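[1] Would you be able to build a 3D model of this:
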Amino acid sequence: MALVDSVHHDIDYNKFARLSAQLRPGMIWVSSGATEIGRLDYIRRSGAELDGSPDEVKMDYASQGQTILMQTYRNFIDAKYSVRQVLVEHAHFNDSDKRESIRRMLMRAPSQNAIPIINYNDAVSFEENRKMEIRKLRGEKSAVVELVDNDETAAQIACLVGAKTLLIFSTLSGIYEDVRRPETLISEISAPTAAEVLVKIENAKKLCEGASRAGANGAKAKLEYVKPCLSRGVRVIIASAEYDIADVLSGKAPATRIYVKE
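    The predicted structure follows:
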């Protein structure tokens, strides 16, 4: 929803243009938006919502929105850089060979002057089938990656490539003690060890009120998803997409920063 103009029910082209222009090789961009953008495009063309089962409607919207999502990024990313679409599914991250293949592809991109844009493959992933596959995997191994949310996808990608920083853009400026009061923004969750940071994350999760919209997993889920990053030395920043990437990374913009102190 950070990429959608909710007032005009359309893509927020200003935000797309501003963020896309800041992308550079060496960055990996994980983007939600295909399903909602596809829904808005379908309504604009047909004058009505799709009918059918929620799973099938989501798949149809995602397949329509994915082309628009990538076309929009391509329009605004510097023309001298290559743009590469990468659609992933939970099965890719629960198979060591597939994980390694994805890792190698992403690690090649900077030297090839390319920017990977990653999204979960909602257009072909049927929810009930995914749940069945996850249950089967849980019977075979203790740690299972679900990828139920692109925040989780981003965290897994950051761990996979050993990223320096995981920046999660949201509609809010980070994690709040009370989301109704902007002055209660938690600017930092840190400690000398990863174990201590994880305890602080659990305490912060108690302050979160959950998802802000249907289908979202909310601030509490973001905090849960980023846990694996801490033990791998990845600094995590949760910030509003209203701000520039450079300003968030430099500390000029408000955000919640989660890291292990050195």
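
[2] Quick check: what element follows the lowest-mean-pLDDT helix or strand in the chain along the chain?
    Across the helices and strands of the chain, mean pLDDT, DSSP states H and E gives its lowest value to helix 127-140, namely a mean of 56. Sequence order places helix 150-161 as the next helix or strand after helix 127-140, per DSSP states H and E.

[3] and residue 62, how many neighbours?
    As a burial measure, residue 62 scores 25 neighbours (other C-beta atoms under 10 Å). Quick note: C-beta positions are derived from backbone N, CA and C, even for glycine.

[4] Going along the chain, name the helices of the stretch 101-250 of the chain.
    Under the criterion DSSP state H, counting those that start in this stretch, the stretch 101-250 of the chain contains helices at 127-140, 150-161, 194-205, 218-225, 227-230, 245-250.

[5] Can you tell me the strand partners of the next helix or strand after the last one and which way each runs?
    Note on helix 245-250: by DSSP H and E, the next helix or strand toward the C-terminus is strand 255-260. In the sheet containing strand 255-260, the strands it pairs with under DSSP bridges are strand 188-191 (parallel), strand 235-240 (antiparallel).

[6] now those strands in JSON lines, with mean neighbour count, mean pLDDT and distance to residue 45?
    Listed next are the strands paired with strand 255-260 as JSON lines, based on neighbours: other C-beta atoms under 10 Å; pLDDT from 0 to 100; distance: least, C-beta to C-beta, whole Å:
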{"stretch": "strand 188-191", "mean neighbour count": "16", "mean pLDDT": "96", "distance to residue 45": "44"}
{"stretch": "strand 235-240", "mean neighbour count": "22", "mean pLDDT": "96", "distance to residue 45": "31"}
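
[7] for those strands, which one sits closest to residue 13?
    Nearest of the strands paired with strand 255-260 to residue 13, taken as C-beta to C-beta: strand 235-240 at 17.8 Å.

[8] Quick one: distance of stretch 14-30 to the chain centre.
    Here the centre of stretch 14-30 is set off from its chain's centre by 13 Å, with C-alpha atoms, centre = their mean, to the nearest Å.

[9] So that it lines up with my notes, have the first residue be 5 from now on.
    With the count now opening at 5, the last piece we talked about shows up as stretch 18-34.

[10] pLDDT on that stretch, on average?
    Averaged across stretch 18-34, pLDDT comes to 94.

[11] Show me which positions of it end up buried.
    19, 20, 22, 23, 24, 27, 29, 31, 32, 33, 34 (16 or more other C-beta atoms under 10 Å).

[12] Mind checking which of those are in strands?
    In this view, these that belong to strands under DSSP state E are 33, 34.

[13] can you redo the buried residues of stretch 18-34 as CSV with distance to residue 76?
    Converted to CSV, the buried residues of stretch 18-34 look like this (distance: C-beta to C-beta, whole Å):
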residue, distance to residue 76
19, 10
20, 5
22, 12
23, 11
24, 8
27, 13
29, 19
31, 17
32, 18
33, 12
34, 16
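
[14] now, the most widely separated pair of the buried residues of stretch 18-34?
    19 and 29 (21.7 Å).

[15] Go through stretch 75-95 and flag the buried ones.
    Buried residues in stretch 75-95, counted by 16+ other C-beta under 10 Å: 76-77, 80-81, 85, 87-88, 90-95.

[16] Which one of these is nearest to residue 210?
    Proximity of those to residue 210 was ranked by C-beta to C-beta; the top entry is residue 94 with 28.0 Å.

[17] so where's the longest helix in the protein?
    helix 58-80 (DSSP state H).

[18] What lies in contact with that one?
    Contacts with helix 58-80, where a contact means C-beta atoms under 8 Å, 6 or more residues apart in numbering, come from 15, 17, 20-21, 24-25, 33, 35, 37-43, 45-46, 53-56, 87, 89, 91, 121, 123, 126-132.

[19] Show me those residues that map onto strands.
    Using DSSP E, the members of those that fall within strands are 15, 33, 87, 89, 91, 121, 123.
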